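Engineer: pasting the sequence and the predicted model now:
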Amino acid sequence: MTEPKPAQPGGYVPRNRGWHPAPYYPPYKTSVKRSPQAALLSFPTTLSEETGPVFGHGMLGPKDNDLVHNFAVDGQSAIGPRIVVHGRVMDQAGRPVRGALVEVWQANAGGRYRHKKESYLAPLDPNFGGCGRVITDEDGRYEFRSVQPGPYPWPNGMNDWRPSHIHFSIFGAGFAQRLITQMYFEGDPLIWRCPIIGGISDKAAIETLVAPLDMGATLPMDARAYKFDIVLRGRRQSLFENRPEGM
Amino acid sequence: MTQPLDWKEETPSQTAGPYVHIGCTPIVTGIEGIYAEDLGTALKTGPVQGQEITLRGTVYDGMGTALKDALIEIWQADSAGLYPSPEETRGVADPNFTGWGRSAGDLDTGEFVFETVKPGRVPYIDGRLQAPHITLWIVARGINIGLHTRAYFADEEAANAEDPILTRIEHQSRLPTLLAVPEGDGAYRFDVHLQGPKETVFFDM
């Protein structure tokens, strides 16, 4: 006697590539020679895309999600406007993505990265490394502390500036969900002048990358808060299986 | 007007930028003391089952210049074709194999190197077996959305010839761009070309 089988999740829903930045976007000059020109090959996701690495909370150190202190000398802290960034990682159906590894990196409050290829004249902060990570909880929530990164000029056009931003790398349950993006800050006028952001054609898509100030989550007399929710690809959920019998 | 759909758009991708290594392999960039180790450095955490191999390659732009600021990740099954993932229901994967690797590439040449195992075969959605393959995901400055490709093995002719995906590629002349080539002693080379006549086949999966 066989029990009725619960509905199994189907494959991942295709990416809406029109919602993402165009791979080839000449105002962002580096994209010109780094963008594929042939059409991508589309196939349904297989186990190779529906599985992915698992990261346990045990790998995290106590300061991994505290960029204000994780590189600072004991008793000192990074310079700059103190912030908390928090949000939920969910899939396209709105379900929480639990155990998602979220890695972040950013410039310091002056707009300078700690990297040997970085040449901006703004100074390094000896107490700021610029990276952190966190794993989402049972509700898909994450939170980290940092300082608000500064805007900075970059070699593209003759006078291009990046808006303040934090880079995010996110792992979902399946490798198909792998995503790297950037979070911007509400009210930054540089967002609408940025040749990297400009590769996204839909204004509504850009707005999903802009984190609002979240006064309800601020730490009084300590840090302001910004909320940044992240949506990863979702899977078909249906009682009707479109796979052949017996699979 | 109609009812709204309860389906959200995915968060848009943005380029990983020139400093992705600060966030993903900080120790390689000289940022020490935050993490104990860079993630994804070792796929083998002990004695592994199956054939141990080295996968190496370089990512080239449309001018044939090697990228030195890319981040390359791989994801693969173990030698028996099992993934170390809760989504894997066919068995238990090799406990000493993580399946996932990450490389910043050599800082001077850009070449990435993964010490791994040759993966076993994994079923396609209709149950037919796929040829052994390693999934690669590549991000870098100038790449606006991560590039997804697969390294198959040039010395797996029989499996490749019946692979459900390889056999459905319209331009079969591009198929060699998906083949890792044996270099002896268990080493394979898989170079990636972002554009141009040798452009690698990239997937939308």
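Structural biologist: Received the coordinates, thanks.
Engineer: strands along chain B, start to end?
Structural biologist: In chain B, strands defined by DSSP state E lie at B:52-57, B:59-60, B:71-75, B:100-103, B:112-117, B:133-139, B:147-153, B:179-184, B:187-189, B:192-193, B:203-204, listed in chain order.
Engineer: which one's the longest strand in chain A?
Structural biologist: strand A:82-91.
Engineer: circling back to that earlier point, dump the strands of chain B into CSV; add mean pLDDT as well.
Structural biologist: What follows is these, written out as CSV (pLDDT from 0 to 100):
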stretch, mean pLDDT
strand B:52-57, 98
strand B:59-60, 98
strand B:71-75, 98
strand B:100-103, 98
strand B:112-117, 98
strand B:133-139, 98
strand B:147-153, 98
strand B:179-184, 97
strand B:187-189, 98
strand B:192-193, 98
strand B:203-204, 98
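Engineer: possible to save the ones you listed as TSV with mean neighbour count and distance to chain A?
Structural biologist: C-beta here means a position set from N, CA and C on the backbone, and glycine is covered the same way. As requested, the strands of chain B are arranged in TSV below (neighbours: other C-beta atoms under 10 Å in any protein chain shown; distance: least, C-beta to the nearest C-beta, whole Å):
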stretch	mean neighbour count	distance to chain A
strand B:52-57	19	15
strand B:59-60	24	9
strand B:71-75	26	5
strand B:100-103	23	4
strand B:112-117	22	13
strand B:133-139	24	5
strand B:147-153	23	7
strand B:179-184	15	15
strand B:187-189	18	18
strand B:192-193	20	9
strand B:203-204	16	4
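Engineer: so can I have TSV of those showing distance to A:Gln182?
Structural biologist: Converted to TSV, these look like this (distance: least, C-beta to C-beta, whole Å):
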stretch	distance to A:Gln182
strand B:52-57	27
strand B:59-60	21
strand B:71-75	15
strand B:100-103	19
strand B:112-117	24
strand B:133-139	12
strand B:147-153	18
strand B:179-184	32
strand B:187-189	33
strand B:192-193	24
strand B:203-204	22
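Engineer: quick one: mean pLDDT for stretch B:16-36?
Structural biologist: Across stretch B:16-36, the average pLDDT comes to 97.
Engineer: stretch A:161-168 now?
Structural biologist: 98.
Engineer: quick one: is it near chain B?
Structural biologist: Yes - for stretch A:161-168, a contact with chain B is found by C-beta under 8 Å from any C-beta of the partner chain, at A:His167.
Engineer: and what of stretch A:96-108?
Structural biologist: Yes - Stretch A:96-108 reaches chain B (C-beta under 8 Å from any C-beta) through A:103-105.
Engineer: specify which member of these is nearest to A:Leu219.
Structural biologist: A:Val104 (18.4 Å; C-beta to C-beta).
Engineer: what's the host helix or strand of that closest one in contact with?
Structural biologist: Of the helices and strands defined by DSSP states H and E, A:Val104 is found in strand A:101-105. For strand A:101-105, contacts defined as C-beta atoms under 8 Å, 6 or more residues apart in numbering or on different chains pick out A:55, A:67, A:85, A:89, A:130-136, A:142, A:144, A:146, A:166-171, A:230, B:19-20, B:22-24, B:26.
Engineer: just give me how far that strand sits from the chain centre.
Structural biologist: Chain-centre distance of strand A:101-105: 7 Å, with C-alpha atoms, centre = their mean, to the nearest Å.
Engineer: likewise stretch A:115-126?
Structural biologist: 23 Å.
Engineer: my guess is A:Gly99 contacts A:Val54, does it?
Structural biologist: Yes - between A:Gly99 and A:Val54 a contact is recorded at 6.8 Å, counting by C-beta atoms under 8 Å.
Engineer: looking at those two, which one has more neighbours?
Structural biologist: Of the pair A:Gly99 and A:Val54, A:Gly99 is the one with more neighbours under other C-beta atoms under 10 Å in any protein chain shown, namely 19 against 16.
Engineer: on that earlier part again, which one of the strands of chain B lies closest to A:Tyr113?
Structural biologist: Short answer: strand B:71-75, nearest of those by C-beta to C-beta, at 15.2 Å.
Engineer: skipping adjacent residues, who's closest to the residue positioned nearest the centre of chain B in space?
Structural biologist: Nearest to the mean C-alpha position of chain B, counting by C-alpha atoms, centre = their mean, stands B:Leu136 at 1.7 Å. Leaving aside its sequence neighbours, B:Leu136 sits nearest to B:Thr149 (C-beta to C-beta, 6 or more residues apart in numbering or on different chains; 5.1 Å).
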